[in-house]
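Asks: give the three-dimensional model of this entry:
(2 chains)
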Amino acid sequence: MKGMSFGPSTTHLVAALTAWLALLAPGHAQVVRAPDLQPKPRAVSVAGTAGPGASSHALDPADLNAWLDGFMPFALASGDIAGAVVVVVKDGQVLTEKGYGFSNIARGRPVDPRQTLFREGSVSKLFTWTSVMQLVGQGRIDLDRDVNGYLDFRIPAFRGQPITMRELMSHTGGFSEHAKDIIVEDPKRFKSLGRYIKSQLPKRIDPPGTVPAYSNYGAALAGYIVQRVSGEPFDGYVQHHIFDPLGMTRSTFVQPLPAKFVPDMAKGYLLASQPTPRPYELVGPAPAGALAATGEDMGRFMVGHLQAARGAPGAILSPQMAKLMYADGYRPISALPGMALGFYHEDRNGHVIIGHEGDTVAFHSALHLFLNDGVGLFLAVNSPGREDAAESLRGWLFHQFSNRYFPGPGAQPPTWPSAKQDAAKMVGTYISSRRATSSLLRIATLLGQAKVTAAPDGTIQFSAFKNAAGAAKHWREVGPFVWQEVNGHSRLAAKLENGRVAAFTTDDFPPVFVFQPVPASIAASWNLPLLGLTVLVLVLTVLAWPIGVLIRRRYGQGFTLSGRAAWLHRLAKAGAVLDLMLLFGWAQFITKAFGTDVSLLDDVSDPFLRILQVLGLLAIAAAIVGGWNAVVTVRSAERARGAKVWSCVLAAALVAIVWFLLSLDLITPSLSY
Amino acid sequence: MPHNPVRHLAAALAAVVGGLALMGAAAAPLKVGPPPPAVQLTATTAPVATPAHPLEATDLGAWLDGLMPTALNTAEVPGAVVVVVKDGRVLLERGYGFADYAKRVPVDPKATLFRPGSTSKLFTWTAVMQLVEQGRIDLDADVDTYLDFKIPKLHGIPVTMRQLMTHRAGFSETAKDLIAYGHAPDPLGEVLKRYVPPRIFDPSEGPGYSNYGAALAGYIVQRVSGQPFEAYVAQHIFAPLQMAHSTFAQPLPPAMRPDISMGYETWNQPAPGFEIVGVPPAGGLSATGDDMSHFMIAHLQLGRYGNAQILKPQTAQTMHTSIIKAFPDLDGNALGFYEQNINGHRVIAHGGDTNFFHSDLTLFIDDNVGLFISVNAKGKDAMGEFIRQSLFEQFADRYFPVQPIPAQRVDAATAKAHAAQIAGQYISSRGSRSTFISLVGLISPSVVKANPDGTIIAAPIGQPETFYEAAPYFWRQLNGHDRLQAKVEDGRVVRWASDASAPILIYLRPGGLAGTGLELPLGMAAMALLALTAVSWAAAAWARRRYGREFVHSGAGASAYRLVRACAILAVVAVALWVAVIEQVSATNGQNVDLLIHLAQLVSLIGFAGGFAVALWSLVLVFRGAAGWFARLYGVLLVAAFGLMLWLGLAYHLIGFGTQY
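Replies: Numbering: from 1, shown residues only, chains lettered A, B, ... in the order given. Modelled structure (predicted):
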C-alpha cells in the first residue's frame, strides 16, 4: 500500500535515525528499512543499451518469456527476493503469466501464477476507485459533492472548505500523513473499517484541491463511502461488482484471510536468505491496501479496464465512466503527467500509460496499463529484498518493458538558454508535501529534507532523486523550468509563484506529492547539527559522572559541593541521563516501528508512548533545573572556570532538547499519529 | 572506523588479497572478508527441473536482453560482453552497456578489448601443451630443468609442470605488485627470482591456486621456446586463431589503445588506469569477446579452428580430461582448465578477476558449446563476480537443465553427528603462512556452522550457503548447485571443499590455539588490557596532579612501571600500524608500502617482545615487594597479554624483516 511512509526520502530518514541510534545503541545499527507505504521513485538508471530509441521487439510470448526468464531470476537472486509473479495481457488475452522463485521457502513451493495469492498493497486502491466510478455512473456518488453528505460522522471544514470525492481520488484532500494502525498483525487489535475511519481522522493541513499529498486515509474514506452508499460491506461490494463479473475467483479483501485461500497465500519475507515468514498483514485502512489476489486474477482486472478503455460492452465500467476515470485530470506540475481519478499517469515514449504501485512491508507490486495499446503489465513480489531491491526491480521492469516493446524517440533537446539563472532559483532545501505537520511523524519532516544544488555547468541535482547507484541524478534544463536527466529520460519540472519556486517534482514519482521549500524553523541545516551537539554534550556529561566519582574515591577526595548547589548539580546531571533515555526511547520506537515492525504502530505501543510523553514533561523540568544550576554555578565564587562553562553548556543542551520536543510536537496527550 | 573494526580490517585484507583475486578463478576463492552484503544465490535460483529450451539465437538473445541489462544496472557495472559458441561457430555475441561510461562509448563485441584476468592462464597452459606435444616440456620433470634458478624442494619433492597446471606445487600466496598502473612490468624472470614463495604444503594435500606457479610456467615457455612469452603466444596461438584483437603486451600497443574498455569500481568511478599485471602469463591478456570465441571454438574442436590446428586432438583431449581431484566426488583440475560440471554436463572452465574486470570462460565439452563473459567493473558489493557466476548457472539451467537429483539424505542422527564434526574454523589452502598476509587466517577464518536440524552453513566462496548431507560426509547445497565433501581422520574433519572451491583451494583445520577459535578473542582482550594500561597511565598522572599526590614508585620499580606502559603504548601503535599497512596495501595495491611495513615490524618487535621482557621484569619486582593482590594479578595479566601478542606477532609474521607478501 502506497502509503504510509514519510517523505520521499524514507531511506534518508532511516539512515539518519540509524546513524543517530548507532551512537546510542550500536546493536541497532542494522535497521532493515521503513515499511514504506508510499509512492517511491521508480528507480531507473540507464546503464544498459536498451534505452528509448532502441529498436522495437515484437510483443509475442516467445520473446517475452525468454526475456522475462533472463530478467526475473537474476533480479530475484541479486535482490534476495523470495518470489514473484509477472502477468502481461494484450488485446483481451493473457500473453504470459509466470511465477518465479518461491511462495513458501520452507516448503519449497514455487510461485504459481494461477494458484498463488499475493498482497497487492496500494494497487488495491484501484478496486476502490473502480467501485466509486461504478457508483458515479449510477448517479449514486457525485464527484464534486461534500463527502460529509455520504458519512455518518463529520469531517470538519478546513478554512470553510469541505472535501469532495474528486479530491480524495487525486490525493488532494489536504490530510496530514497518518501512520497509526496502518498495518496490524494481531487480529485482536484489528479495527473494522468504520471504527478505523472514525478513530483515525487525520488533521487537515492544506486547503483541498491545491496540494497533492498521498493519503491512505482518503482512499479508505472513499471505500467507506462505497460501503455506505451501496449498503454492502466494502469487501462484499467489490466481490459482487468487480471480482464476480471478471471471474476473479481467487481474490479477496476479507481480513483475516479466508481459510480457503490460506494454503495458497504466498508467505511474506524480508529477505529470501532469512526465510522467517511474516504474519499476514492486516491493513487498517482496508480499501487502501487489503487485497489478496493471484497474478492471473490481476490479469483479469487489467483486461477488464483495457476493455472498458476500448468501450467494450459489458465491461466493469461504461465507456463514459472509463473515459472520465482515465483522463489526465489534475496536474500538480503542468509539464509532467498528472493524476487520473485514482490511477496516475505514467506516460512515456509517446504512449498513454496509467498505473499504480503498492507496498506492504513484505509485498511490493505494480500495475501498468498501456491504454491505447491494449497491453497491461502486473508484477508482485513477496519480499522487499536487500536495499529496496523490490522497488528497484519494479521500476526497472516497467522501464525495460516499455523500452523493449514500446520504444520512443531518444530525444535529447538542447539546453535551455536560461539554465544557469533558473538553476540558481531552484537551489534550496525542500520537503515532500506528503507529510505530517503535527504528531510524531513530524520527526520525518526534520529528517526527510533534501537539497537542490546547482553545478557550475548549469545542471542541478536534488539529493533525494538518486539513480540506482545511490548518486544524485544530474538534471539539464531543456525548457522553462523543465529539466531532463543527464544520460536518462526522466523529467523534473517546477511550478513558480511570484517568481519563486513553489513546488517541483519528477516523473520518477507518481504525481501524488510535490516538493516544497522548507520553512526556516524546521530546516534540517541547523536542527540536525544542533541535535548532534546536544547529544554529544549529554553523553559526555553522563560519562564523566562515574569517572569523576571513581577518581575522587581513588584519591580520597570528598565531594566539595553541599546543600542546594550539590542538589542542583546532581539534578542537572540526572536531567542529562533522563534526556538520553528519552532520545533513546524515541529512537527505539521510530526505528523499530518504521524500520522493522510496522505492527508496532497499533495500540500495542500506546503504553510505551505514554511513558515517553511523561519523560518529555520531565525533560522540561530538567531544562529548568539545568538553567538554575548554571545560574548558581556561575555566581559562585569557589567554582572553577571549567565547571562554570560546562554548567552553561549543559543547560543549553537541556533547553535544546525541549526545543526538539516542542518543535516536533512530541509533548502531546494524543495517541493518534 | 565502522562499527566493527575487525570486520572492516577483514574487508581491507580481502581487498589486499583482491589483488590476488585478480587471478581468482571462477570460484572467487579469495573472498576472505565478510561476505558482501547479501549477494547470494538464494533459493530463487534453485534448480527446479524444467524442460530444456533449445539453444538457438533468438531465444538466447531475448533471454540475455532480459538478464544482462538488469545485471549491469543492479551491480552498477557499465559494460559487458557475452559470447556463445556452438558447433564450431558463433551463435551470438553481444555487447551491453558502455566501454567508456562518461563518453557513452558502447561495448562492441568485435572491437572492444576486455581484460580476461586469470582466464589468460588458459593461453599459457595451451602454450605449455604445444611444447609438451613437441617433446620440449615433460609434464613430470623437475621444473628446475627448465629454469635458470632453483625452486626449493619440499620434503624432497620437486615441482613439476603438472603440479603447476593443477595448482599443486604448494606455493604460499603472493600478492605484492600483482597489479600496477602506468609502467611496463619488470622482466618476468626478474620478478620470479626476486621472491620465490615458500612451499607450504605437499602436492598430495590438494590445490592451492597460485599465480606464481602460472607465471613460472609462462617463464618456462619463454625459456624453452627462446621467445618472449608475449611473442610466443602471438605467433603460436593468436595468429593461427585469427585473434587480431588480442595481446599480452602491457601497456597496450598504441594501435589497440582506442579500443580498450575502461575498468570501473562502479559506473561513476573509473579505475586509475590500464591494469599492468606484474606476471603476464598469469593474467596479462587483453582481448575482444569475438577473439575469445575463436579460442573457445579451437578448444571445443580439440585444437582445430578453420584450417589451423593449434593442438593435436590427442593433446587437447589429454589437457581437457586428465583430472586430478582433491575430493573424490567433487570437481577437480584438468591440465590448466578446471572442472565446473553442472546439471550432469561436463564443463571445463577458467574464470578471471582483475581489480576491475570479471570474466569467465566455460566449455560444455560434450555439448560443443562455449560461453564467455567479461564485465568491466567490480560492481556494487563486488557483484561483478556474482554476474559471471549467475550467468553461467542460469545459462546451464535454461539450456542444459538439471537432471532430477536423487532425494537421498543420510538419517537425521548421522546428519547431526557429522554436522557437529565439521563445525569449526578453517583456513584456506590458498593463503600465506609466511608473511603478514597470514593475518587473513586470524581475522577472517572460514567458519562452518552446524544447524540444529543437521544442515550446515559453510562459505566456500565467501558467501554462506546451506548444505544438507546426502551421503556420509558429502553434502548438497540446499536449493543450489554446489556440493561439499569432507575428509575425516580419527573422527575429526581435517579438511573440506566444495565444487565452487575444490579446484582452487581447500579448507584446512588449523592445529593448536588457532584451531580453537580463541586466538582472535584472546588477542583482542590482550589489546584491550594494554590499551587500558596506556590510557590509565595518563589518567593517573592527571589525577595525581589534580589532587597533589606523589608518584609511589621509585628506582627500578619506577623504571619498570614506565617501561611497561611505554611498551603498552607501542603495542597499541603496532596494531594501528598493521591496520595502516593493510589499508595502504589495499588502497594502492602495494605501492610505497615497504617503509610502513618496516616501521610496523620494528614497533611490533619493541612493543610485543620488549613489552614481554619488561612486563616479566616488573612482575618479579612486584612479587619481591609488598604489593597487594591487585598489583600482583595485574602484573600477571600484563605478562600474559604481552606474551600472547608476542606469540601472535611471531605466528603471523608481524615480527620480521621481509617486505614481500
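
Asks: rest of the way, CA atoms for contacts and neighbours
Replies: Will do.

Asks: tell me the spacing between the residue lying farthest from the centre of chain A and B:E550.
Replies: Most distant residue from the mean C-alpha position of chain A: A:G556, 58.2 Å away (CA atoms, centre = their mean). Computed as CA to CA, to the nearest Å, the A:G556 to B:E550 distance reads 14 Å.

Asks: quickly find the element holding A:S463.
Replies: For A:S463, the host element (DSSP states H and E) is strand A:460-466.

Asks: correction: the previous question concerned A:Y430.
Replies: strand A:428-432.

Asks: counting contacts, what elements does that strand pack onto?
Replies: strand A:450-454, strand A:515-517 (3 or more CA pairs under 8 Å, 6 or more residues apart in numbering or on different chains; DSSP states H and E).

Asks: turn those into a markdown table, including mean neighbour count and mean pLDDT.
Replies: Converted to a markdown table, those look like this (neighbours: other CA atoms under 10 Å in any protein chain shown; pLDDT from 0 to 100):
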| stretch | mean neighbour count | mean pLDDT |
| --- | --- | --- |
| strand A:450-454 | 21 | 89 |
| strand A:515-517 | 22 | 91 |
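
Asks: what would those strands look like in TSV with distance to chain B?
Replies: Listed next are the helices and strands packed on strand A:428-432 as TSV, based on distance: least, CA to the nearest CA, whole Å:
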stretch	distance to chain B
strand A:450-454	19
strand A:515-517	27
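
Asks: turn those strands into JSON lines, columns for distance to A:E185.
Replies: Listed next are these as JSON lines, based on distance: least, CA to CA, whole Å:
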{"stretch": "strand A:450-454", "distance to A:E185": "33"}
{"stretch": "strand A:515-517", "distance to A:E185": "33"}
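
Asks: any stretches of the chain with poor pLDDT?
Replies: I'll assume chain A. A:1-55, A:410, A:436-447, A:466-471, A:594-599 (pLDDT under 70).

Asks: can you look at chain B instead?
Replies: B:1-51, B:175, B:404-406, B:432-433, B:587-591.

Asks: how about the helices in the stretch 451-600 of chain A?
Replies: Using DSSP state H, counting those that start in this stretch, the helices of the stretch 451-600 of chain A run over residues A:524-554, A:563-591.

Asks: and of these, who's closest to chain B?
Replies: helix A:524-554 (7.1 Å; CA to the nearest CA).

Asks: list the contacts for A:G626?
Replies: A:L568, A:L571, A:A572, A:G575, A:S647, A:L650, A:A651, A:L654 (CA atoms under 8 Å, 6 or more residues apart in numbering or on different chains).

Asks: hmm, back to that, hmm, the strand holding A:S463 touching chain B?
Replies: No - using CA under 8 Å from any CA of the partner chain, strand A:460-466 stays clear of chain B, with a minimum separation of 12.9 Å.

Asks: who does that strand pair up with?
Replies: Strand pairing for strand A:460-466, using DSSP bridges, gives strand A:450-454 (antiparallel), strand A:472-479 (antiparallel).

Asks: check the secondary structure at B:V488 for me.
Replies: At B:V488 the chain is in strand, as set by DSSP: H, G, I helix; E, B strand; the rest coil.

Asks: beta-bridge partners for the residue lying closest to A:E357 once chain neighbours are set aside, please?
Replies: Once flanking residues are discounted, A:E357 sits nearest to A:A366: 4.2 Å by CA to CA, 6 or more residues apart in numbering or on different chains. Here A:A366 sits in beta bridges with A:E357, A:L379, as judged by DSSP bridges.

Asks: do the one 4 residues further on as well
Replies: Listed by DSSP bridges, the beta-bridge partners for A:F370 are A:I353, A:V375.

Asks: count of residues packed around it?
Replies: 21 (other CA atoms under 10 Å in any protein chain shown).

Asks: one more: B:L595?
Replies: By other CA under 10 Å, neighbour count at B:L595 equals 11.

Asks: may I have the helix or strand hosting it as CSV, with CA atoms only?
Replies: Here B:L595 sits within helix B:594-604, counting by DSSP H and E. Extracted in CSV, the C-alpha atoms of helix B:594-604 (Å, rounded to 0.1, in the frame of the first residue of the first chain):
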residue,chain,number,x,y,z
ASP,B,594,57.7,-1.0,2.3
LEU,B,595,58.7,1.7,4.7
LEU,B,596,55.5,1.3,6.6
ILE,B,597,55.9,-2.4,6.8
HIS,B,598,59.4,-2.0,8.2
LEU,B,599,58.1,0.5,10.8
ALA,B,600,55.3,-1.8,11.8
GLN,B,601,57.7,-4.7,12.1
LEU,B,602,60.1,-2.6,14.3
VAL,B,603,57.4,-1.3,16.6
SER,B,604,55.9,-4.8,16.9
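
Asks: how many neighbouring residues does the residue nearest to A:P669 when sequence neighbours are not counted have?
Replies: Nearest non-adjacent residue to A:P669, counting by CA to CA, 6+ apart: A:Q613, 7.4 Å away. By the criterion of other CA under 10 Å, A:Q613 has 21 neighbours.

Asks: what is the orientation angle of the strand or helix carrying A:Q613 with helix A:563-591?
Replies: Using DSSP H and E, A:Q613 maps to helix A:606-635. Using axes from the mean of the first three to the mean of the last three CA atoms, to 10 degrees, the inter-axis angle of helix A:606-635 relative to helix A:563-591 is 140 degrees.

Asks: and helix A:606-635, what's buried?
Replies: For helix A:606-635, burial by neighbour count (16 or more other CA atoms under 10 Å in any protein chain shown) applies to A:609, A:612-613, A:615-630, A:632-634.

Asks: picking up where we left off before, I'd like the helices of the stretch 451-600 of chain A as CSV, with mean neighbour count and distance to B:Y209 appended.
Replies: Formatted as CSV, the helices of the stretch 451-600 of chain A follow (neighbours: other CA atoms under 10 Å in any protein chain shown; distance: least, CA to CA, whole Å):
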stretch, mean neighbour count, distance to B:Y209
helix A:524-554, 15, 50
helix A:563-591, 19, 46
